[in-house]
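Participant: Everything below, folded, please.
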Amino acid sequence: MSELDENPRFRRRRALSGAARLYAVQALYQMEAAGQSAERVAREFRDWRIATPDAEGGESPEADEALFERIVGDAVTYQARIDQATDRNLKDRWPLDRIDPVLRAVFRAAGAELATGRTPARVVMAEYGRVAGAFFADGPETRLVTAVLDAMAREAPPG
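Facilitator: Down below sits the predicted model:
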């Protein structure tokens, strides 16, 4: 365990960023599934999902809301380029529109972070590998996400 991992402020910031990424994937999925705008979905997440009481009497996790909104906005802005880069790097030429919609949302969120270059590629790969693992526990999807993101990161940024 590194010194950073032991630092409570670092752990909190990491948890907030991780939650923002998870919420961004959920929001991007919802946008595609329900045909809703980024503004509407982001507002819904801010008002009703992020750090709000849940059905079991607990509270959903807090998140870095600025990061959440930046990922969703950048995913919309760069979606065509991100989708093209994802499509080029999918194994066996499996078309993007035929993969699971949650995986598309993961690739779009991660692609948004790769496109802007604000987050190091290795961090993007690790974080979205964890996000994929949250949706596809013990499945091959996590390895697929990591492999495709690695290939995307080696290309010129999609943005």
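
Participant: Every contact and neighbour count from this point should use C-alpha atoms.
Facilitator: Fine.

Participant: how about the helices in the chain?
Facilitator: For the chain, the helices defined by DSSP state H occupy 3-6, 8-34, 38-44, 65-77, 79-89, 101-116, 121-135, 141-154.

Participant: Tell me where the model's unsure across this protein.
Facilitator: 1-5, 55, 93, 156-159 (pLDDT under 70).

Participant: Swap in 50 and give it another go.
Facilitator: Applying pLDDT under 50 to the chain flags residues 158-159.

Participant: residue contacts, residue 30?
Facilitator: By C-alpha atoms under 8 Å, 6 or more residues apart in numbering, the contact set of residue 30 is 36, 41.

Participant: From residue 37, how far out is it?
Facilitator: Between residue 30 and residue 37 the distance is 9 Å, computed by C-alpha to C-alpha, to the nearest Å.

Participant: Please apply the same query to residue 71.
Facilitator: According to C-alpha to C-alpha, residue 71 and residue 37 sit 14 Å apart.

Participant: Neighbour count for these two, which is higher?
Facilitator: Taking neighbours as other C-alpha atoms under 10 Å, residue 71 and residue 37 compare with residue 71 leading, 25 against 14.

Participant: next one: phi and psi at residue 57?
Facilitator: Here is the backbone geometry of residue 57 (degrees, to the nearest 10): phi 90, psi 0.

Participant: cool, and residue 36?
Facilitator: Backbone torsions for residue 36, taken as degrees, to the nearest 10, come to phi -100, psi 160.

Participant: Can you report how many residues neighbour it?
Facilitator: Neighbour count for residue 36, taken as other C-alpha under 10 Å: 14.

Participant: any idea what sits nearest it, other than its immediate chain neighbours?
Facilitator: Closest residue in space to residue 36, ignoring its immediate chain neighbours: residue 30 at 7.3 Å, by C-alpha to C-alpha, 6 or more residues apart in numbering.
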